[in-house]
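Enquirer: Whatever this is, show me its structure:
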Amino acid sequence: MSARHLVPGISSSLILLLTIAFCVQNVSAEDIVIKSAARTSLSVNLNKLAGEDYASGARRKTSGNSGGRTKTRLLYSFENGKDGQPLKGVRGQRMKVTCSLDFGVTEGKKCARLVSPAGGGFSELYFSKNKIKNWRGFDYLAIDLFTEDKHSYGISLELSDNQTRAYMTRCTMVTTTSKGHQTLYFPIGRAKRNGKEGRTWAELQAKDKIKLNGLKQVKIFLTTRQKRAGRFWIDNIRLLQEDAAKPKMRLSLPGAVTHAFDFGSAGAVVPGFTAVTAKDKYTDAKGYGFTHRIEKMVQAGSGWPDLLAGTFVRSNQSDVMKFQAKVPNGDYLVWTCMGKALKPQLTKLSLRFRINDTFLVKADPSLEEYDGEKFLYRFMRTQYSQRPHALWLDYVNRMYEVSTEKITVTDGLIKLVARNCFISGMIVMPAKHEADFKRMSAKIQKTRLAAFEKLTKYPEKKAVKKESGDGDYVLYVPNPKSDVRPDTSPNADERKRTSLRAAGAVGQNVIMRVAMSAFKDLGACKLELSDLKGPGGTIPKSAIKGHFANFKYTPRWTPEMVLMPELGLYCEKDLTQCFWLWMAVPEDSKPGIYKGTFQFRTSKSKTTALPISFEVYPFKLEKNLPGSFGMYYNGRSDPRPSGALAGNVMKEQMKWMRKIGFTSVTVPGVAHVTGVNVAAGSVEMTFNAAPLKAAMAAGLGQTKDQVLLLTQLGIARQIARRLPGIGGAKVDQKPGIELRQSAFKPLWMNAMKQYKTFLDDLKVPYAIEIIDEPRETPNPWNRNLKDTMTYGKWMGQVGLKRFITPMGDKNAGKDYVGLVNVSDIVSIHGAKAAPRFYAKTKATRKTLWFYNIGMGRKDWGFKSWGYGATGNFQWHWCWVEGWAKAAGDYPGREWYNPFTPMHGASPNAPLTETNPGGFNYSSGYLTVADGLSDYRYVYTLEQRIAANKRTGKNASAVAKGEALLKEIKARVTGKGAKTETVWREKIAVILVKLK
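Expert: The predicted structure follows:
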């Protein structure tokens, strides 16, 4: 629950839970039941209660605001200039810097106005030498900024010290702007060199960190738009320690309050509260504190707009946290702000939060329950909304839960016991002051909400446009090239597209979309499918899998979060919803036209019919593409299923990959090093054939051209860590050091020969990656050009099939194209991104793949075919940045929460009978499926042309087919999905004649 209110009468004064009873509303034809999360609204009494004075007076006591990290240093306030005149002390490069009395003043009476010319180039602002002396001890550089431009700009801070030589040894941080006033924070206290991008702060060596007491240059820069100058006002550029960077908050508390505790740093306490840090041990003299071992206690919270909730204390991992405070015996009302630290890696699945004998949280879920909608996926069914305070009501209230309890104290102590939970604030007051308690709760709610919304950046909200005659909503079929998002309005052509028309061959994936723009709240809605009937029989509606696109909040824009595998949802005023339909044309479908009628039903408006006409073509497409198409993949994790279930889940996910049209995948967990014998030059290894067999059983890796992807560097690093001359972690601190050890090559060769024998015995088609994206300043998982060449040559000597994924033709000034010579397969980021790699790969007749060029239909279809790429891979099936923090250091890591990093192209979902793979997916997979169908069409046309040429039949159709292929290849770099649809239809016409 997002709030608990056990004191009589309090629930009506804070939040009114509006559970939408979808099943009892009047609808046009039948009741609609949907699975989206119920919606809440602020209480209508909130402002009234928050505006009332306390009967017990206002609390005047302040305490606990000493200590912490609160130091600040003002660098620039721009008071030394005249309005409109150039400023001294800063230097602009392609940027005009003048003094201003305008919008942006936040410190003193003046600010700086920055104007960068249009044209798309860099504009830079340099700090003077005397302002960059000894920044050591500070955690943030803060800049107050104002802009009238709704376009979001990336503002970068670049730090260079005495060890900086080029980009890789500088530190570049970037944040983004939004329209209006804002403060940009750059975390300079964690400034690491750009070449160390993939390492956590704890993994860095001292030389990897920027020396803040030895800075030689500091600048901020941005790139302007091509046709519009950038205009910004900045002021109050300052250095801040951690607590000084936290937002300020003032709350009025009743005079009757016995205790008001603010947990977290002593330097970030709300005035009127007593600070409780993780080191506050209980003593009788102090009268409050923790009573358990505090060595593993954690205090955290940084940058969350709501200061009271945003700093907190928790126990480490699954330890128990115990806190107590002295009070006279009697009845009390207790207000708490706390939350569950839901993490996929929990080792003890026990959650507790208890005040005296009252449990706020008590759960001992099984792993299966924890990996479900009550815990890790509690936000999965939360729909994107633009209603007032939606982000706060739908997410924040459940992340930082407010509870109000009435308790009786008989031993002189208020006691708190918690496990896998955190505590942000607690207020205790005698129960006889219940009216003041309600007022206080309302004031806190209103103040926290105002602080959150003032400091939280939102993308500009745009209502969908209503045209004359639209009615309550418009149901339409989007143009193929339209990107449908919540603020998308249908154009004039789309408003006329009120029926679906599609076509496909048996066994083909056919992707269709339907959109709906609402001009009033429609309540519970559902797109209901129907069977399609034709002269050849019936295509059942079960052959069509329906989804609606759910979106997520980010400060800059509103990207898709996931496709929810259902067609019922809540439809809100001024938002557009997009339905994605995936039909697998049944193998027994007869050629002909099939028709049906879909119905869009609402609980608050009329039903609209959507006719559909589907043509089954009288030909079959080639089943096996001559290439490797798939995703980088590492199995399901966060959490990873235990035991045999992990293997079963992997099988199910791979089966789905094949259904979507993939032919390949990276296969994890195949080879492991268990020991080395340096003297004998031998390596002890274990091999696991199960993942490879699962891939092939799923239909992946069926031909010699459909290779399964493996890696070698992980094995190399395992060997290196066991070498006496390296000593464990050095191989990650100094990538490539293993190749300088004389004992390494014989061991590596021995391991690779075992690997090859294992793979050959399985008769599995494979390719092993030499190095992932080699670079001159490598991460632990990369190597530089020289070392990559060495590994490539050695792999060739063993006889392994090799592939490489270069970042571009050059890196740090070095020519990387020579890697073609030590590779069998070259996987590049597109022909234009690496033109010389592309040319040499084609000239040497090596196999060409594309890597990370996007999830667009054309990328996986006509573009790959047109450039001669027989493979395409994308990072990543579901990669979660394990080191990335949630917003404000929020300790939970639930999936589908926009404030956590738990997102992916195939985000986890509960493991159920209907979802044995335990995942959902984004619409990108359906556009990829469309692209792979395009590839099958063009490949089938090539095969039919060749067959007809051999028999001398259908010369006219052959000529038309060859002309079309030539046209496609010539125009493959064109834009717009509409082209793909036209090309596919033209191919179908020719295939009918060539069958």
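
Enquirer: Can you give me the end-to-end span of stretch 173-184?
Expert: Using C-alpha to C-alpha, to the nearest Å, one end of stretch 173-184 lies 11 Å from the other.

Enquirer: What of stretch 522-535?
Expert: Across stretch 522-535, the terminal residues are separated by 37 Å (C-alpha to C-alpha).

Enquirer: Kindly report the same for stretch 68-81.
Expert: 36 Å.

Enquirer: what do you get for stretch 552-569?
Expert: Taking C-alpha to C-alpha, the first and last residues of stretch 552-569 lie 15 Å apart.

Enquirer: If we go by neighbour counts, what in it is buried?
Expert: By 16 or more other C-beta atoms under 10 Å, the buried positions in stretch 552-569 come out as 552-553, 558, 560-569. Where you see a C-beta, it was placed from the backbone N, CA and C, and this is true even at glycine.

Enquirer: any chance of those residues in TSV, plus distance to residue 219 and secondary structure?
Expert: Shown next, in TSV, are the buried residues of stretch 552-569 (distance: C-beta to C-beta, whole Å; DSSP: H, G, I helix; E, B strand; the rest coil):
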residue	distance to residue 219	secondary structure
552	33	coil
553	31	coil
558	32	coil
560	35	strand
561	36	strand
562	39	strand
563	42	strand
564	45	strand
565	48	coil
566	50	coil
567	52	coil
568	52	strand
569	47	strand
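
Enquirer: Phi first, then psi, for residue 950.
Expert: When read as degrees, to the nearest 10, the backbone of residue 950 gives phi -70, psi -30.

Enquirer: Correction: the previous question concerned residue 231.
Expert: Dihedral pair for residue 231: phi -130, psi 120, per degrees, to the nearest 10.

Enquirer: Now for the residue lying closest to it once chain neighbours are set aside, which secondary structure element holds it?
Expert: Nearest residue to residue 231, sequence neighbours excluded (C-beta to C-beta, 6 or more residues apart in numbering): residue 115, at 5.5 Å. Element membership for residue 115, per DSSP states H and E: strand 111-116.

Enquirer: How about residues contacting that strand?
Expert: Contacts with strand 111-116, where a contact means C-beta atoms under 8 Å, 6 or more residues apart in numbering, come from 76, 78, 87, 90, 92, 94-102, 104-105, 123, 125, 144, 222, 224, 229-235.

Enquirer: let's see 6 Å
Expert: 78, 87, 95-98, 100, 104-105, 123, 224, 230-235 (C-beta atoms under 6 Å, 6 or more residues apart in numbering).

Enquirer: Out of those, which end up buried?
Expert: Judged by 16+ other C-beta under 10 Å, buried ones among the contacts of strand 111-116: 78, 87, 95, 97-98, 100, 104-105, 123, 224, 230, 232-235.

Enquirer: and these, which two are the farthest apart?
Expert: For these, the farthest-apart pair by C-beta to C-beta is 105 and 224; their separation is 23.7 Å.

Enquirer: buried stuff in stretch 863-873?
Expert: 863-867, 869-873.

Enquirer: what's the answer for stretch 606-620, then?
Expert: Those buried within stretch 606-620 under the rule 16+ other C-beta under 10 Å are 607-608, 610, 612, 614-617, 619.

Enquirer: Looking at that stretch now, give me its mean pLDDT.
Expert: Computed over stretch 606-620, the mean pLDDT rounds to 98.

Enquirer: and residue 60, how many residues sit next to it?
Expert: 8 (other C-beta atoms under 10 Å).

Enquirer: what about it, which helix or strand?
Expert: Using DSSP H and E, residue 60 maps to neither a helix nor a strand.

Enquirer: what's the pLDDT at it?
Expert: As summarised for this prediction, residue 60 has a pLDDT of 74.

Enquirer: Excluding chain neighbours, what is closest to it?
Expert: residue 255 (7.6 Å).

Enquirer: gap between the one you found and residue 564?
Expert: As defined by C-beta to C-beta, to the nearest Å, residue 255 lies at a distance of 50 Å from residue 564.

Enquirer: gap between residue 174 and residue 152?
Expert: To residue 152, residue 174 is 11 Å away according to C-beta to C-beta.

Enquirer: quick one, domains of the chain?
Expert: 3-61+246-455, 72-240, 473-616, 628-878+919-934 (automatic domain parsing).

Enquirer: mind checking the end-to-end distance for the third one?
Expert: Spelled out, that is domain 473-616. Domain 473-616 has an end-to-end distance of 32 Å (criterion: C-alpha to C-alpha).

Enquirer: if we can go back for a sec, what about the domains of the chain, which gets the closest to residue 886?
Expert: domain 3-61+246-455 (9.0 Å).

Enquirer: I'd like to know which of the buried residues of stretch 606-620 are part of strands.
Expert: If you go by DSSP state E, the buried residues of stretch 606-620 have 608, 610, 612, 614-616 in strands.

Enquirer: Serialize the domains of the chain to JSON lines and add fields for distance to residue 891.
Expert: Shown next, in JSON lines, are the domains of the chain (distance: least, C-beta to C-beta, whole Å):
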{"stretch": "domain 3-61+246-455", "distance to residue 891": "4"}
{"stretch": "domain 72-240", "distance to residue 891": "17"}
{"stretch": "domain 473-616", "distance to residue 891": "20"}
{"stretch": "domain 628-878+919-934", "distance to residue 891": "15"}
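
Enquirer: Go through these and find the least confident stretch.
Expert: Mean pLDDT values for these show the minimum at domain 3-61+246-455, a mean of 88.

Enquirer: Mind listing what's buried along the helix or strand containing residue 842?
Expert: Element membership for residue 842 (DSSP H and E) is helix 835-843. Across helix 835-843, burial judged by 16+ other C-beta under 10 Å covers 837-838, 840-841.

Enquirer: Which positions in stretch 473-493 come out as buried?
Expert: 473-480, 482, 484-488, 490.

Enquirer: Likewise for stretch 362-376?
Expert: In terms of neighbour count (16+ other C-beta under 10 Å), stretch 362-376 has its buried residues at 363, 365, 370-373, 375-376.

Enquirer: Reformat the residues you listed as a markdown table; add secondary structure.
Expert: Listed next are the buried residues of stretch 362-376 as a markdown table, based on DSSP: H, G, I helix; E, B strand; the rest coil:
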| residue | secondary structure |
| --- | --- |
| 363 | strand |
| 365 | coil |
| 370 | helix |
| 371 | coil |
| 372 | coil |
| 373 | coil |
| 375 | coil |
| 376 | coil |
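
Enquirer: Would you format those as TSV with distance to residue 831 included?
Expert: Shown next, in TSV, are those (distance: C-beta to C-beta, whole Å):
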residue	distance to residue 831
363	54
365	51
370	47
371	43
372	45
373	45
375	46
376	41
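
Enquirer: ok, and for the very next helix or strand once past the strand holding residue 115, which residues are buried?
Expert: Using DSSP H and E, the helix or strand that follows strand 111-116 towards the C-terminus is strand 122-127. For strand 122-127, burial by neighbour count (16+ other C-beta under 10 Å) applies to 123-127.

Enquirer: Make a markdown table out of the residues you listed and add distance to residue 442.
Expert: Below are the buried residues of strand 122-127 laid out as a markdown table (distance: C-beta to C-beta, whole Å):
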| residue | distance to residue 442 |
| --- | --- |
| 123 | 47 |
| 124 | 49 |
| 125 | 45 |
| 126 | 49 |
| 127 | 46 |
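
Enquirer: just curious, which of those residues is nearest to residue 857?
Expert: Nearest to residue 857 among the buried residues of strand 122-127, counting by C-beta to C-beta, is residue 123 at 36.4 Å.

Enquirer: which residues pair with the nearest residue to the closest one once chain neighbours are set aside across the strands?
Expert: In space, and not counting its chain neighbours, residue 123 is closest to residue 116: 3.5 Å by C-beta to C-beta, 6+ apart. The partner list for residue 116 in beta bridges (DSSP bridges) reads residue 230.
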